[in-house]
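Visitor: Structural data only, the sequence is not supplied:
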């Protein structure tokens, strides 16, 4: 996109009197800085977008949640992560960060009000598994890059509009190239970014469920929690679409997440809860 900007607006030609592009290296530098900021501070961005606040002693069930987090951190053999609360009535939770020593777990107010201690332990064990398995690094970077892809799409849309309105300067083929690049960025980039987030998150949810069962020694605790989360049909309004793949269940309440198959594998951020429950019950030797 930077090179296209050079061609259309700055008159760049590789063999002309202006052999060095300007916008292209600047765009590359901006992208590199954006990726670095996403890696270093992506967890804070995700928590801020969800309006999460640190766990306070006066919160309902705060002591229980703090104890459960400490227990699961010991079981996982990692430092206890920071704990955050999201003021949303829909039960959900997610973990974020770049490493076990720089991790956070966020739970909604609805989750604390809905789950028993055993069920809460299963959910925290699931999120602790994401931390121990370094899923949080992958998923946080995916969330940051997905935001960058959306930004690229908006940039492409604006370049396309400006290219159409511009009647002077390098015309013809250069203008056509920029229009095509703008359309590609506008249409394809967000789709590719979301497919990436979905493909990464679906497989990792199964792995985190299994690790939670290993840490808690109680697969049915997480299975019961997932049943309650499935029954809560309302979307988690505080969770942004770009960070939906971080949550233990789909916060957007999309029907596709309850299905299985090739299409769901491509387009859904989470595997079917029913299948996850069945696998956990198999681990507990339950029917």
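Guide: That came through fine. What you see is a predicted model; the values in this text were computed from it and never measured.

Visitor: Can you show me the helices along this structure?
Guide: For the chain, applying DSSP state H gives helices covering 2-9, 23-49, 62-76, 109-114, 117-132, 135-165, 173-216, 219-231, 262-267, 273-283.

Visitor: And the lowest mean pLDDT element among the helices and strands of the protein?
Guide: For the chain, the helix or strand with the lowest mean confidence is helix 262-267, at a mean of 59 (criterion: mean pLDDT, DSSP states H and E).

Visitor: re the thing from before, please work out which of the helices of the chain is packed deepest.
Guide: Highest mean neighbour count of the helices of the chain: helix 117-132, a mean of 26 (counted as mean count of other C-beta atoms under 10 Å). Every C-beta, even on glycine, is put in place using the N, C-alpha and C of the backbone.

Visitor: any idea how far residue 109 is from the residue nearest the centre of the chain?
Guide: Taking C-alpha atoms, centre = their mean, the centroid of the chain lies closest to residue 243, which sits 3.4 Å from it. Separation of residue 243 from residue 109 (C-beta to C-beta, to the nearest Å): 18 Å.

Visitor: related to what we said a few turns ago, quick one: which of the helices of the chain has the weakest pLDDT on average?
Guide: Of all the helices of the chain, mean pLDDT reaches its minimum on helix 262-267 (a mean of 59).

Visitor: Tell me if I'm right that the residue nearest to the centre of the chain and residue 52 touch.
Guide: No: in this structure, residue 243 is not within contact of residue 52 by C-beta atoms under 8 Å, at 10.9 Å.

Visitor: Any chance of the helices of the chain in TSV with distance to residue 86 as columns?
Guide: Shown next, in TSV, are the helices of the chain (distance: least, C-beta to C-beta, whole Å):
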stretch	distance to residue 86
helix 2-9	37
helix 23-49	9
helix 62-76	13
helix 109-114	7
helix 117-132	13
helix 135-165	16
helix 173-216	19
helix 219-231	14
helix 262-267	26
helix 273-283	20
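
Visitor: Among these, which comes closest to residue 251?
Guide: Across those, residue 251 has its closest neighbour in helix 219-231 (10.1 Å, C-beta to C-beta).

Visitor: Okay, angle between that closest one and helix 117-132 too, please.
Guide: Going by axes from the mean of the first three to the mean of the last three C-alpha atoms, to 10 degrees, helix 219-231 is angled at 90 degrees with respect to helix 117-132.

Visitor: Show me what helix 219-231 packs onto, helices and strands only.
Guide: Counting contacts by 3 or more C-beta pairs under 8 Å, 6 or more residues apart in numbering; DSSP states H and E, helix 219-231 packs against helix 117-132, helix 173-216, helix 273-283.

Visitor: pLDDT score for residue 170?
Guide: Reported pLDDT at residue 170 in the predicted model: 47.
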